[in-house]
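>>> Provided below for reference: sequence and predicted model.
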Amino acid sequence: LVYLDAAYNLSNHLLADQYSPLPPSVTGFFGIGITGYTLKIKEQMRDNEMSTVLDLSPIMQLTREQFYELCRANRDIPLERSPKGELIIVSPVGGESGNQEAKLIIKVGVWNEQTGLGVVFSSSTIFSLPGGGDRSPDVAWVRRNRWDALTPEQRETFPPICPDFVIELRSRSDHLSPLQAKMQEYLDSGLRLGWLINPQDQQVEIYRPGQSVEVVDMPAVLSGEETLPGFSLEVEA
């Protein structure tokens, strides 16, 4: 119900005073009545947790500028924007996934402190990808020269750049196919290396430009290859 309320509040913010939203009905697909329009809000349920995708196309095309202002006005709600302009309310993770994510950031961060080759980002950072979406990887890394090429204003907002390296950690509330699509979105935007860690299926998917996805079983030792030279990550089963 928390996310249903969040979706309702976001719809009010988006539509300002032009429409009068009605309370949403709690179904697999539910609509918000808006003067002849219906917002399709898709709920994805798993283990009593939910992610929500709002298709705003019947009433508006959500631009990057509007998305940025929307995020600023709703700082407590983690949001993403798909290349189609869909608004995605991201589910929070539980303690176990949050701890695993923190360990991943620390390990990449320690390597980066030793090499000084780039900049590390947590999942609270949203990147405006060249492919059209606005995404927040669980762990992201950008080469120093690419980051330094951005203006101070670009660094302060959602950086208009695709990370060189990302990690996505599948939590208990995540369906696999949207994460795989998200990894492909990174590749299409210029990603050099990406790891999708999937504890549920005990696998890691490795994404590289121009190559098929490599699937390795856990436990495994992952190499940063040429993208993160000298970095390796042991992924336990």
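It's in.
>>> would you map the helices across the chain?
2-15, 64-73, 95-115, 144-148, 152-156, 176-188 (DSSP state H).
>>> give me the pLDDT value at Ser97.
Ser97 is assigned a predicted lDDT (pLDDT) of 88.
>>> my guess is it contacts Glu168, does it?
No: contact status for Ser97 versus Glu168: not in contact, 11.4 Å apart, counting by Cβ atoms under 8 Å. C-betas here are computed from N, CA, C, even on glycine.
>>> who has more neighbours, the two?
Neighbour totals were compared for Ser97 and Glu168, and Glu168 leads with 25 against 18 (other Cβ atoms under 10 Å).
>>> surely the more buried one and Ser136 touch.
No: using Cβ under 8 Å, Glu168 is not in contact with Ser136; the gap is 10.1 Å.
>>> low-confidence ranges, this structure, go.
Residue ranges of the chain with pLDDT under 70: 1-51.
>>> next one: the most centrally placed residue in it from Met183, what distance?
Centroid-nearest residue in the chain, with Cα atoms, centre = their mean: Ser136, separated by 3.6 Å. Ser136 is 14 Å from Met183, where distance means Cβ to Cβ, to the nearest Å.
>>> ok, His175 next?
His175 is 13 Å from Met183, where distance means Cβ to Cβ.
>>> more crowded one of those two?
Met183 (21 against 12).
>>> got a list of what that one touches?
Neighbouring residues of Met183 by Cβ atoms under 8 Å, 6 or more residues apart in numbering: Val166, Glu168, Leu191, Gly194, Leu196, Glu205, Tyr207, Val213.
>>> Gln61 now?
By Cβ under 8 Å, 6+ apart, the residues touching Gln61 are Gly85.
>>> report the separation between it and His175.
Taken as Cβ to Cβ, the span from Gln61 to His175 is 26 Å.
>>> same deal with Phe121?
Counting by Cβ to Cβ, the gap from Phe121 to His175 is 24 Å.
>>> what of Trp195?
From Trp195 across to His175, the span is 18 Å (Cβ to Cβ).
>>> in the sheet, who's paired with Val142?
On the basis of DSSP bridges, Val142 is bridged to Val119.
>>> report the contact partners of it.
Gly118, Val119, Phe121, Pro159, Ile161, Pro163, Asp164.
>>> who wins for neighbours among the residues you listed?
Within the contacts of Val142, most neighbours by other Cβ under 10 Å means Pro163, with 30 neighbours.
>>> wait, doesn't Val166 sit right on Gln184?
No: Val166 is not in contact with Gln184 according to Cβ under 8 Å; the separation is 11.9 Å.
>>> common neighbours of the two, please.
Joint contacts of Val166 and Gln184 (Cβ under 8 Å, 6+ apart) do not exist.
>>> surely Glu80 touches Ser128?
No: between Glu80 and Ser128 there is no contact under Cβ under 8 Å: 11.0 Å.
>>> and for those two, which residues touch both?
Taking Cβ under 8 Å, 6+ apart as the criterion, Glu80 and Ser128 both touch Asp134.
>>> please name the nearest non-neighbouring residue to Leu191.
Spatially, and ignoring its direct neighbours in sequence, Leu191 is nearest to Cys162 (5.8 Å; Cβ to Cβ, 6 or more residues apart in numbering).
>>> swap that for Pro219, sorry
In space, and not counting its chain neighbours, Pro219 is closest to Ala237: 4.6 Å by Cβ to Cβ, 6+ apart.
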